[in-house]
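Colleague: Pasting a predicted model and its sequence here:
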Amino acid sequence: MKLILASASVRRAEILHDAGLSFVVLSSAVDETPVPGESPAELVGRLADAKAELVSARAVGPAIIIAADTEVVLDGHVLGKPRTSEDARQMLLKLSGRTHSVLTGVTLIRLPDAERRSFVETTNVQFAQIPGEEITRYLASGEPFDKAGSYAIQGRAGRYVSRIEGCYFNIVGLPLARLCQALTELGWSED
C-alpha cells in the first residue's frame with residue numbers, strides 16, 4: 001500500500017524520508033482562512049481534512065493519504081505565516097521569552113475504502129529572550145518567511161528554543177510517532 005503525502009512542504013517530506021518511509025507527493029492547495037469563532041485546534045483539523053479530501057478525490061488506491069496543517073498559537077491566537085518582514089518581526093517579538101503552542105492537525109484516508117484517522121498534536125515551545133538585533137539578523141537570513149510563527153526550529157531559530165514539551169517533529173510540521181501509530185491502525189506496513 002503506497003503512502004501519498006498531500007503536501008508540498010519540504011519539511012514534511014524530509015521527516016518522512018528521514019524516517020525511511022517511501023511515499024509520493026500530491027500537493028493540495030486549500031483556502032486556509034480561519035472560520036469566525038473557530039478554535040486553533042478546529043482550524044488545523046479542518047484544514048488537514050480538506051487537504052486529505054482534495055487529494056483522495058484524485059488518488060487511486062490502495063493507498064493512504066497523509067495530510068497535515070501546522071499553526072503556531074500564542075495566547076489562543078494563531079500567528080500564521082508572516083506577510084511582510086515587519087509582520088515576522090512582530091511575531092518574533094511576541095514569542096520572545098514566552099511559551100507558545102504548536103498545533104498540527106493530521107488526517108489520514110485509506111483508499112479505496114475511505115477509512116480515516118484524524119488527530120491534533122500539541123507541543124509547547126519556550127523561547128528565550130531574543131535581542132532586537134538578533135531578530136534583525138534572523139530576518140535577514142530569510143528563514144522566517146513561509147513558516148508558521150515566523151520560525152523554523154530545525155534551522156537557525158533552534159538557538160532561541162530553551163525548552164519543548166511534546167513531539168519535536170510536530171514543531172517541524174508532522175508528529176512522526178503519532179503518525180506511524182495511525183498508519184499501523186489503518187493496516188499499513190513497510191513490507
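Modeller: Now that the structure is in, tell me what you want to look at.
Colleague: Distance of residue 101 relative to residue 119?
Modeller: In this view, residue 101 and residue 119 are 15 Å apart by C-beta to C-beta, to the nearest Å. To be clear about C-beta, it is placed using only N, CA and C from the backbone, and glycine gets the same treatment.
Colleague: in this structure, which spans are strands?
Modeller: All strands of the chain, identified by DSSP state E, fall at 2-5, 24-25, 63-74, 77-78, 99-111, 115-127, 161-165.
Colleague: Could you dump those into TSV with mean neighbour count, mean pLDDT and distance to residue 18 added?
Modeller: Converted to TSV, the strands of the chain look like this (neighbours: other C-beta atoms under 10 Å; pLDDT from 0 to 100; distance: least, C-beta to C-beta, whole Å):
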stretch	mean neighbour count	mean pLDDT	distance to residue 18
strand 2-5	20	96	13
strand 24-25	12	95	15
strand 63-74	24	96	15
strand 77-78	15	94	28
strand 99-111	23	97	17
strand 115-127	18	98	18
strand 161-165	13	97	18
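Colleague: need those in a markdown table with distance to residue 187, can you?
Modeller: A markdown table is the format used below for those (distance: least, C-beta to C-beta, whole Å):
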| stretch | distance to residue 187 |
| --- | --- |
| strand 2-5 | 12 |
| strand 24-25 | 19 |
| strand 63-74 | 9 |
| strand 77-78 | 34 |
| strand 99-111 | 7 |
| strand 115-127 | 8 |
| strand 161-165 | 32 |
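Colleague: closest to residue 185 out of these?
Modeller: Nearest to residue 185, of all the strands of the chain, is strand 115-127, at 6.0 Å by C-beta to C-beta.
Colleague: got the contact list for that closest one?
Modeller: If you take C-beta atoms under 8 Å, 6 or more residues apart in numbering as the criterion, strand 115-127 is touched by 41, 44-45, 48-49, 52, 95-110, 153, 160-168, 170-171, 175, 178, 182, 185-186.
Colleague: any idea how far residue 173 is from the closest residue in space to residue 163 that isn't next to it in sequence?
Modeller: Leaving aside its sequence neighbours, residue 163 sits nearest to residue 126 (C-beta to C-beta, 6 or more residues apart in numbering; 4.1 Å). Distance of residue 126 to residue 173, given as C-beta to C-beta: 19 Å.
Colleague: Could you do residue 10 as well?
Modeller: Plainly put, residue 10 is 9 Å away from residue 173 if you go by C-beta to C-beta.
Colleague: How about residue 120?
Modeller: 13 Å.
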